[in-house]
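Asker: Fold the following, please.
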Amino acid sequence: MYATPGLHHSNVIAKPINPKYGPNPYPSCNPGASDPFSDLPAIIPDVLFANSTQVSGTETLAFAEGIGFRIDTSREISTNIHYLNTGSAAETVEVVYDFFTMPEEDLENEVAPWTLQVDSFDIAPHTKKTIESTCKVFGGNVASMMPHTHKYREKFTVDFVDGMDVSTNVIDDGQFDSKSEIVSTIRRDHSRK
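Answerer: Okay, here's the model as predicted:
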């Protein structure tokens with residue numbers, strides 16, 4: 001992805017084609033298509049790419065050789081873009097995506113998008129608080145991950161904990177900035193939580 005200043009965040013998603021309207025026409029959209037997450041949990045879109053918050057320039061999600069998404073032909077790919085203008089003058093924002101495909105026979109490991117989202121927290125004004133969550137996952141590998149936070153973040157960490165409660169830190173990121181926060185890694189231990 002390439003973006004100029006003014007992009008807050010974007011998601012590239014694959015979602016079921018609306019049976020009532022059919023595929024979204026270009027450059028307009030079908031009614032309700034501007035919020036691809038409006039039908040949760042009945043319809044779950046696949047987030048294929050999410051960029052770091054307010055990144056400017058280039059950001060790349062590149063999997064290791066033989067790893068990729070398989071796009072279901074009953075779904076369509078679209079993007080959901082949030083803009084942020086922190087100044088008083090109008091801005092023109094450019095966002096460009098490049099997608100790379102591979103032959104089916106080169107796909108050795110299919111990846112699936114997954115999101116851990118923590119919304120139920122409250123931080124009083126002029127205070128600090130640690131927000132944490134645990135998600136137990138059994139089986140599978142992690143190909144890449146990234147945080148999505150905003151400017152008041154002081155630190156963001158992710159630890160993998162195995163079945164023997166041995167913790168391995170995989171993300172230890174400091175304060176919010178506009179640089180890419182995508183971390184690519186492959187975990188082959190199936191006893192992670």
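Asker: Show the residue spans covered by the helices in the chain.
Answerer: Using DSSP state H, the chain contains no helices.
Asker: Provide a list of residues in contact with the closest residue to Asn109 other than its chain neighbours.
Answerer: Nearest in space to Asn109, with sequence neighbours left out and distances taken as C-beta to C-beta, 6 or more residues apart in numbering, is Ile67 at 4.8 Å. C-betas here are computed from N, CA, C, even on glycine. Taking C-beta atoms under 8 Å, 6 or more residues apart in numbering as the criterion, Ile67 is in contact with Leu107, Glu108, Asn109, Glu110, Val111, Ala143.
Asker: Distance-wise, check Ile67 relative to Ala143.
Answerer: 6 Å (C-beta to C-beta, to the nearest Å).
Asker: how many neighbours does Pro27 have?
Answerer: 5 (other C-beta atoms under 10 Å).
Asker: I should have written Pro19 there, sorry.
Answerer: 6.
Asker: One more: Asn85?
Answerer: 12.
Asker: What of Thr86?
Answerer: 9.
Asker: How about Val55?
Answerer: 22.
Asker: Quick check on it: phi, psi?
Answerer: Reported as degrees, to the nearest 10, the phi and psi values for Val55 are phi -70, psi 140.
Asker: I'd assumed Thr4 was in contact with it.
Answerer: No - using C-beta atoms under 8 Å, Val55 is not in contact with Thr4; the gap is 10.6 Å.
Asker: Identify the contacts common to the two.
Answerer: If you check Val55 and Thr4 against C-beta under 8 Å, 6+ apart, no residue is contacted by both.
Asker: which non-adjacent residue is nearest the spatially most central residue of the chain?
Answerer: The centre of the chain sits closest to Ala50, judged by C-alpha atoms, centre = their mean, with a distance of 3.3 Å. Nearest residue to Ala50 in three dimensions, chain neighbours excluded: Asn11, at 5.0 Å (C-beta to C-beta, 6+ apart).
Asker: Can you list the strands that the helix or strand of the chain with the lowest mean pLDDT pairs with?
Answerer: The helix or strand of the chain with the poorest confidence is strand 183-184; it has a mean of 80 (mean pLDDT, DSSP states H and E). As defined by DSSP bridges, the strand partners of strand 183-184 come to strand 144-145 (antiparallel).
Asker: which regions of this structure sit below the pLDDT cut-off?
Answerer: Filtered on pLDDT under 70, the chain yields the residue ranges 138, 185-193.
Asker: residue ranges for the strands of this structure, please.
Answerer: 2-3, 7-16, 46-50, 57-58, 67-68, 75-83, 95-96, 109-110, 144-145, 156-161, 167-173, 183-184 (DSSP state E).
Asker: Please tell me how far Gly139 sits from Gly163.
Answerer: 12 Å.
Asker: Many thanks, have a good one.
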